[in-house]
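Asker: predicted model follows, preceded by the sequence.
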Amino acid sequence: MRKIVLAGGTGHLGTLLKDAFLDLGWEVVILSRQRNKKEEGVTYVFWDGEHLGTWANVLEDADTVINLSGKSIQCRFTSKNKALLEYSRILPTDALGNAIAKCHKPPRLWINFSGISIFTGLNDLQDETSIAVGTGYLAQLTRRWEAAFSAFDLPDTLKVILRVSPVLSKQRGMFAELLPLAKWGLGGQVADGRQYVSWIHQQDFVSLVQWIIQQDQPRRIYHACSPYPVTNATFMRVLRDHVGISFGLPLPRILAHIGSFVKGVDPSVLIQSVPGTTKSTLEDGFTFKFEKIDSTLANLVK
C-alpha cells in the first residue's frame, strides 16, 4: 500500500486530498498541530511544524509528502500577522526538509505548496517558465517560501513546487463567499474590474495533484490554475449569469478598502491583479475538466 503524508492537512484542501487518496486505497497520514485527532482510516500524528521529533518517523518509506502548511492570507497585513504568515510557511518547510534529509528510506516525492500570488501586481500573464516576481508583500512572502524549499538538496527525493490559485469549491473559499453576494445583487466588479483572477475547480485541483504524483520525472514547478484566467469583471458577470441575477452592485476602490478593513483582510487581496496561467501542465499531458470559467461556474452553481 502506497503511503502519502499530508503536512498541515486538516484544512479544506487537505480534506479534499485526504478523501481522494483514501478512495484510491492509499495509506493516509496527516501531520497536525491538533492533538488526539482521530478518524477511521487516517493516521493523525502530532507535530509542532517547527522542530524535529518522533513525527519524522512517518516519512520513512512514504511515496509522497505534501506540505500544505500556511496561515491563510485572509487577514490584515499587520506586523504580527506578517510574522505568522512567514513562520507558518517557512518553519514547516524547514522542518520537513531536515526530516527528509535524515530518513533511511526517504519519500520518493515532496510537493511543497506555494502560491500563484508570487505574481501579484504584474500585468502580463505568467506561466511556470516566468522568472518575474510581483510587487507587494504577498509576492515577496511567496518568493521567500519557495527559496526555503529550494535550499534543500535531497538527491533521493523528487521535489515539486505547486503554486496554487484560489480553488473554487462549494464548501469554502472564494466561490463559496461570492455566491450569496451574487444572489443578493451585490456581485458587481471590484474597482475597475480589470485585475486578473486565477482559479482552479476543486476537481481539477485534486486530479492535478494525483497526476503530478504519477509522473516519473515531474518538473520543478507546476501551476494549479486554469490556463484561462479572467478579469474580475468577467468572473463576476459570468457568476451573475449562472445565478440568474442581471444586476450586481459594483464595489468602487474606496469602498473596497473600507470593506477590506471591516472584513479584516488586506485590500490588495481584492484589488491587485494575479495574472497566473499554466503552460507546463498542458505540455506534459494534463487535461483540465474545467478549463473555462463559464463551464466551471455553471457546474458549481448547479
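Answerer: Noted; the coordinates are in hand.
Asker: quick one: neighbours of the spatially closest residue to Pro275 that is not a sequence neighbour, just the number.
Answerer: Spatially, and ignoring its direct neighbours in sequence, Pro275 is nearest to Tyr196 (4.1 Å; CB to CB, 6 or more residues apart in numbering). For the C-beta atoms, the positions are set from N, CA and C on the backbone; glycine is no exception. For Tyr196, the neighbour count with other CB atoms under 10 Å is 24.
Asker: OK, contacts around Tyr196?
Answerer: By CB atoms under 8 Å, 6 or more residues apart in numbering, the residues touching Tyr196 are 125, 229-232, 273-276.
Asker: again, 7 Å this time
Answerer: 229, 231, 273-275 (CB atoms under 7 Å, 6 or more residues apart in numbering).
Asker: if I look at it, how far off is Pro229?
Answerer: Separation of Tyr196 from Pro229 (CB to CB, to the nearest Å) stands at 5 Å.
Asker: got any residues that touch both of the two?
Answerer: Common neighbours of Tyr196 and Pro229 (CB under 7 Å, 6+ apart) are Pro275.
Asker: which stretches in this structure count as helices?
Answerer: 12-23, 79-101, 137-150, 174-183, 202-214, 232-243, 253-263, 268-271, 280-283, 293-301 (DSSP state H).
Asker: who touches the last one?
Answerer: In this structure, residues lying in contact with helix 293-301 by CB under 7 Å, 6+ apart are 168, 170, 175, 201, 230, 234-235, 238-239, 242-243, 290.
Asker: any idea which of those is closest to Ile212?
Answerer: His201 (16.5 Å; CB to CB).
Asker: neighbours around that closest one, how many?
Answerer: 23.
Asker: returning to what we had before: which one of the helices of the chain lies nearest to Phe119?
Answerer: Using CB to CB, the nearest of the helices of the chain to Phe119 is helix 137-150, at 6.9 Å.
Asker: tell me the angle of that closest one relative to helix 79-101?
Answerer: Angle, helix 137-150 to helix 79-101, by axes from the mean of the first three to the mean of the last three CA atoms, to 10 degrees: 20 degrees.
Asker: not counting residues beside it along the chain, what's closest to Met1?
Answerer: Glu27 is the one closest to Met1 (CB to CB, 6+ apart), at 5.0 Å.
Asker: before we move on, what about Leu91?
Answerer: Nearest to Leu91 is Glu50, by CB to CB, 6+ apart, at 4.7 Å.
Asker: burial count for the one you found?
Answerer: 14.
Asker: so it is in contact with Thr93, correct?
Answerer: No - look at Glu50 against Thr93 with CB atoms under 7 Å: they stay out of range, at 10.7 Å.
Asker: and stretch 268-280, how far out from the chain's middle?
Answerer: Remark: stretch 268-280 is offset 12 Å from the chain centroid, using CA atoms, centre = their mean, to the nearest Å.
Asker: just use 472 as the starting number from now, easier for me
Answerer: Sure, I'll start numbering at 472, so the last one becomes stretch 739-751.
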